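1. next comes the sequence, and after it the predicted model I'd like to discuss.
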Amino acid sequence: MGSSREITWQEFRTAFLDKGLVDKLVVVNRQKVHIKFHSNATGQMYPAAALAGGEYYFSIGSVDAFECKLDKAQKELGIPSHKRIPVAYYDEISALGTALNFAPTIFFAGLLLYMSRRAGGELVAVPVVFSASERAGHVCSTRTQTSTSSSSMSPAWMKPRKNHGVCQVPEGTAVL
């Protein structure tokens with residue numbers, strides 16, 4: 001494939017459209033219009049020596065404005081509606097753009113995986129904030145009768161019981 005050169009609408013109109021060299025127009029990403037020429041038009045290209053067999057394109061502001069300009073130009077040239085230049089539309093997406101769309105999801109999935117591996121399989125107790133029932137502000141051990149007040153430094157549900165050496169998780173607490 002040859003190199004590509006950007007031109008203006010006016011250059012497109014006077015050098016290609018008015019001379020009947022255009023076979024097809026391709027609108028890419030609603031921003032650029034690539035010009036496809038008739039196979040016999042290569043000897044009459046604009047400018048003559050600049051890009052033999054190269055591609056030309058021009059930028060557009062909106063698809064609607066482009067279509068109106070093209071329709072008006074073809075009417076001025078007297079081209080019947082059944083012989084008008086076909087216009088194709090397609091979107092190009094880059095691999096980088098697609099990867100960037102998925103980056104936040106991949107990041108959070110990786111963070112979750114890392115945190116679960118780092119926890120080493122230990123269960124983590126998290127209190128349910130919007131629980132339907134309220135728990136009392138203390139936890140009592142039946143063997144030692146030790147009571148822990150809710151006014152202490154750590155939450156009552158995280159206090160280890162002396163008889164088991166592990167934390168007891170009250171009802172209404174989600175264990176993750």
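-> That came in fine, so what should we check first?
2. mind listing what Y89 touches?
-> By Cβ atoms under 8 Å, 6 or more residues apart in numbering, the contact set of Y89 is 26-27, 30, 63. No exception for glycine: its C-beta is placed from N, CA and C like everyone else's.
3. how about the strands in the protein?
-> If you assign secondary structure with DSSP state E, the strands in the chain sit at 4-6, 22-28, 32-37, 55-59, 87-90, 125-127, 139-140, 147-148, 173-175.
4. so what strands line up beside the third one?
-> Within its sheet, strand 32-37 is paired with strand 22-28 (antiparallel), strand 55-59 (antiparallel), according to DSSP bridges.
5. repeat for the first one
-> If you go by DSSP bridges, strand 4-6 pairs up with strand 55-59 (parallel).
6. ok, and what's touching the partner strand?
-> For strand 55-59, the surrounding residues in contact (Cβ under 8 Å, 6+ apart) are 1-9, 11-12, 16, 31-35.
7. now with 10 Å, please.
-> 1-13, 15-16, 22, 25-26, 28, 31-37, 45-46, 50, 66 (Cβ atoms under 10 Å, 6 or more residues apart in numbering).
8. now the buried members of those.
-> Buried members of the contacts of strand 55-59, counted by 16 or more other Cβ atoms under 10 Å: 7, 9, 11-13, 15-16, 22, 25, 33, 35, 37, 45, 66.
9. next, format the contacts of Y89 as a markdown table and append pLDDT.
-> Formatted as a markdown table, the contacts of Y89 follow (pLDDT from 0 to 100):
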| residue | pLDDT |
| --- | --- |
| V26 | 96 |
| V27 | 96 |
| R30 | 94 |
| V63 | 95 |
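10. for L112, which of the strands paired with strand 32-37 is the nearest?
-> strand 22-28 (38.1 Å; Cβ to Cβ).
11. how many residues are close by K72?
-> K72 is surrounded by 10 other residues when neighbours are defined as other Cβ atoms under 10 Å.
12. look at F58 and say how many residues are nearby.
-> For F58, the number of neighbouring residues by other Cβ under 10 Å comes to 19.
13. swap in L70?
-> Look at L70: counted by other Cβ under 10 Å, it has 21 neighbours.
14. helices along the chain, start to end?
-> Counting by DSSP state H, residue ranges of the helices within the chain are 9-12, 63-76, 95-118.
15. for this structure, which residues score under the pLDDT cut-off?
-> 1-2, 42-53, 121-170, 172-176 (pLDDT under 70).
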